[in-house]
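Student: coordinates for the following, if possible.
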Amino acid sequence: MSLSAAKSFSTEEFDDRHLREAFGRFATGVAFVTADVGETPLGLIVSSFAAVSLDPPLVSFCPSRTSLTWRRMREARRFVVHVLATWHGEFARRAAAPGADRFAEPLEGSLAVIECDLESIVVGRVRQL
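Tutor: The predicted structure follows:
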């Protein structure tokens, strides 16, 4: 296998379908991030969740820039990350769709639940379920 240097990038026209396929080959975890805004539970599926640091405890995820749900969730300042397992695949596919009712059925069996705060990031506990 030979590696290409940046200077030898292809001059072919950019194809977002090929980029999507390439990104799809990188295995990542999927998480369901939830928050209560007033009396309304909100949630979104993210495939960009990562541990950043243990000291201080920091996590990271990247919601879409156009996510109206995330804009509303930020008002809560606190959120919960539910690390999903392979058996949550169908739930994740349904919940990822814009406008989906993400709380129509209870989410059970998360691999971990991490309680977070936008200021200090992790304020609660990590539960192994």
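Student: check this protein and tell me which residue is nearest its centre.
Tutor: In the chain, the residue lying closest to the centroid (CA atoms, centre = their mean) is V46, at 1.9 Å.
Student: shouldn't that one be in contact with S60?
Tutor: No - counting by CB atoms under 8 Å, S60 is not a contact partner of V46; they are 9.8 Å apart. C-beta: built from backbone N, CA, C; applies to glycine.
Student: helices along this protein, start to end?
Tutor: Listed in chain order, the helices of the chain (DSSP state H) span 16-24, 68-73, 89-96.
Student: still on that earlier bit, any idea how far the closest residue to the residue nearest to the centre of the chain other than its chain neighbours is from E105?
Tutor: Using CB to CB, 6 or more residues apart in numbering and skipping residues adjacent in sequence, the residue nearest V46 is F61, 4.5 Å away. According to CB to CB, to the nearest Å, F61 and E105 sit 23 Å apart.
Student: ok, those two, which is more surrounded?
Tutor: F61 (16 against 10; other CB atoms under 10 Å).
Student: what residues are up against that one?
Tutor: Neighbour list for F61: 31, 33, 46, 48-50, 81 [criterion: CB atoms under 8 Å, 6 or more residues apart in numbering].
Student: recalculate using a threshold of 6 Å.
Tutor: The contact partners of F61, by CB atoms under 6 Å, 6 or more residues apart in numbering, come to 46, 48-49.
Student: tell me how far the closest residue to R74 other than its chain neighbours lies from D101.
Tutor: Distances taken as CB to CB, 6+ apart put L118 closest to R74, at 7.0 Å, once the chain neighbours are dropped. Separation of L118 from D101 (CB to CB) stands at 25 Å.
Student: no further questions, thank you.
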